[in-house]
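# Predicted model and sequence below, questions to follow.
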Amino acid sequence: MVAPEISPGQGQQTDRQAGMFLSPRARALAEKTGADASRAVPTGANDRIMEADIQKVITDGYLVTRAVSGSYAHVLGTGIGGRITIQDVSRSGYDGQTASLQPTEGTQSTLHSTFDATDVLNFLKTYMAASSSKNANDFTIADVVTYAASRVFRGNSANAIIVSDLSGMGMEMHTPILNEPQTGLLCFYNLTERLKGGKAYPAIGLSLTYDNRKLNGTYASGLMNSLIRFLEIFSINFALGENLL
């Protein structure tokens with residue numbers, strides 16, 4: 001006869017795994033079957049995950065391979081028995097750091113624009129030539145855009161906007177997707193060439209996706225326009241501000 005499982009606090013030790021508390025039998029069953037323990041609802045004392053909780057996970061079909069950790073409910077498993085493999089996770093572009101995030105469907109809008117990068121490029125050339133800092137050669141367009149955004153996106157909800165560098169992805173523009181609880185996501189892209197008045201100039205694309213529940217369209221448009229103005233006369237704005245390095 002198999003002895004009944006004893007809840008923690010009744011003499012049985014527990015294992016701590018990835019921030020979860022599993023009884024030894026629960027852990028053993030999860031490892032044996034490939035059950036995703038992060039999907040288990042604890043029923044033991046002090047939120048311990050018991051063997052029956054893991055069995056429920058197995059019944060519900062949440063299975064992963066040993067190489068995969070975390071919660072990947074949105075990923076389609078292609079392994080044996082529908083298990084989610086590390087290849088499935090990589091193919092989905094999923095990052096374990098965003099395991100708790102869900103798309104803000106129907107509540108987000110995106111603004112697209114470009115800015116004239118002439119002043120930024122001239123600034124970088126002059127700054128790196130004049131700077132005595134050993135880190136000057138590491139100062140890039142990404143640093144400039146991030147600095148500008150930190151100055152423009154100040155106060156209230158605007159300071160929660162995340163800046164993402166996609167300049168190495170070979171794209172001129174795309175539509176960023178927000179996940180809860182993000183307020184906004186600004187992406188900037190690779191250097192391109194545009195025409196203005198029949199003359200070519202260096203340009204960089206910007207995309208700002210924002211949550212309509214937290215930022216209204218007029219305010220978000222104002223932020224984008226302010227950022228563009230800041231970047232197009234960056235050398236002046238930087239001279240008025242503090243040193244970056």
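Cool, the structure landed. Residues are numbered from 1 along each chain as shown.
# tell me the mean pLDDT over the longest helix seen in the chain?
Determined from DSSP state H, the single longest helix within the chain is helix 217-232. Average pLDDT, helix 217-232: 94.
# pLDDT weak spots in this structure?
Across the chain, the ranges flagged by pLDDT under 70 are 1-20, 63-106, 131-138, 155-159, 242-245.
# which other helices and strands contact the longest helix of the chain?
strand 108-116, helix 118-130, helix 141-152, strand 199-211 (3 or more Cβ pairs under 8 Å, 6 or more residues apart in numbering; DSSP states H and E). Any C-beta I mention is one placed from the backbone N, CA and C, and that applies to glycine too.
# Okay, domains of this protein per the record?
For the chain, automatic domain parsing gives the domain ranges 15-93, 108-240.
# before we move on, the earlier item: for the next helix-or-strand element following the longest helix of the chain, buried residues please.
As assigned by DSSP states H and E, the chain's next helix or strand after helix 217-232 is helix 234-240. In terms of neighbour count (16 or more other Cβ atoms under 10 Å), helix 234-240 has its buried residues at Phe234, Asn237, Phe238.
# same check, this time on stretch 50-59
In stretch 50-59, counting by 16+ other Cβ under 10 Å, buried: Met50, Glu51, Asp53, Ile54, Gln55, Lys56, Val57, Ile58.
# I'd guessed Lys196 sits against Thr118; true?
No - shown here, Lys196 and Thr118 do not form a contact pair, counting by Cβ atoms under 8 Å, at 10.3 Å.
# Which one's more surrounded, these two?
Neighbours per residue, other Cβ atoms under 10 Å: of Lys196 and Thr118, the larger number sits with Thr118, 13 against 9.
# and that one, what does it touch?
Listed by Cβ atoms under 8 Å, 6 or more residues apart in numbering, the contact set of Thr118 reads Tyr201, Pro202, Glu232.
# Could the C-alpha coordinates of stretch 196-206 be exported in CSV?
Taking C-alpha atoms only, stretch 196-206 is exported to CSV below (Å, rounded to 0.1, in the frame of the first residue of the first chain):
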residue,chain,number,x,y,z
LYS,A,196,13.6,66.1,-48.6
GLY,A,197,13.4,69.0,-51.1
GLY,A,198,15.2,66.8,-53.7
LYS,A,199,18.1,66.2,-51.3
ALA,A,200,19.0,63.0,-49.6
TYR,A,201,19.4,62.9,-45.8
PRO,A,202,20.0,60.2,-43.2
ALA,A,203,16.8,59.1,-41.4
ILE,A,204,15.9,56.7,-38.6
GLY,A,205,12.4,55.3,-38.2
LEU,A,206,10.5,55.4,-34.9
